[in-house]
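[1] got a predicted structure here, sequence first:
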Amino acid sequence: MNIPARIGIIWRKKETEVGSSRPGYLRQMMKRTLIAAMLLAMPVVAALPASSYAGPIERACLNSDRKAANRALCGCIQQVADMTLRNGDQRKAAAFFRDPERAQKIKMSKRNGDDTFWKRYKAFGDQAEAYCTR
């Protein structure tokens with residue numbers, strides 16, 4: 001049975017259900033709507049290119065002008081970032097690819113938040129170097 005036929009089955013209502021005041025009717029209809037939406041979205045998700053799943057560090061790495069930047073290396077660095085950095089830290093670190101001076105400013109900053117971020121970022125860099133240069 002194809003997807004449009006399944007959706008038709010989901011949306012078919014018995015005449016007795018139309019306007020029914022049965023308890024749970026609304027919940028049942030919401031479930032049917034959710035299932036139909038999921039069935040319609042599945043082919044769209046499967047058709048997306050893998051690059052649409054790239055994280056902020058991988059995207060910044062691929063968009064940089066560095067000669068060694070390639071999908072395998074940038075993807076590896078992103079995997080390490082996913083294991084070691086928070087989402088906000090990843091976005092902050094990705095900005096370093098565009099503006100390397102920003103990294104220096106954060107490194108030299110006297111703010112506690114910048115110091116703790118720099119420690120996490122340094123650990124990430126060490127782990128990425130060890131893991132991705134094999």
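    It's in. Residues are numbered from 1 along each chain as shown.

[2] only C-alpha atoms for contact and neighbour calcs from this point on.
    OK.

[3] what residues are up against F96?
    Residues near F96 by CA atoms under 8 Å, 6 or more residues apart in numbering: R102, A103.

[4] ok, now W118?
    So W118 contacts I106, K107 (CA under 8 Å, 6+ apart).

[5] that one and E101, how far apart?
    14 Å (CA to CA, to the nearest Å).

[6] try A72
    For A72, the distance to E101 - CA to CA - is 26 Å.

[7] and A60, by the same measure?
    15 Å.

[8] pick out whichever of those two has more residues nearby.
    A60 (21 against 12; other CA atoms under 10 Å).

[9] give me the low-pLDDT residue ranges for this structure?
    1-23, 31, 34-52, 134 (pLDDT under 70).

[10] which residues in it form helices?
    3-11, 25-47, 56-63, 71-84, 87-98, 100-108, 112-132 (DSSP state H).

[11] winner for burial among the ones you listed?
    Stretch with highest mean neighbour count among those: helix 56-63 (a mean of 21; mean count of other CA atoms under 10 Å).

[12] what does that helix rub up against?
    Against helix 56-63 from outside (CA under 8 Å, 6+ apart): 69-71, 74-75, 77-78, 81, 90-91, 93-95, 97-98.

[13] 6 Å instead?
    Helix 56-63 is contacted from outside by A69, C74, G75, Q78, R91, A94, using CA atoms under 6 Å, 6 or more residues apart in numbering.

[14] how big is the angle separating it from helix 87-98?
    Angle, helix 56-63 to helix 87-98, by axes from the mean of the first three to the mean of the last three CA atoms, to 10 degrees: 10 degrees.

[15] what's the angle between helix 56-63 and helix 71-84?
    Put simply, helix 56-63 runs at 160 degrees to helix 71-84, going by the same axes, to 10 degrees.
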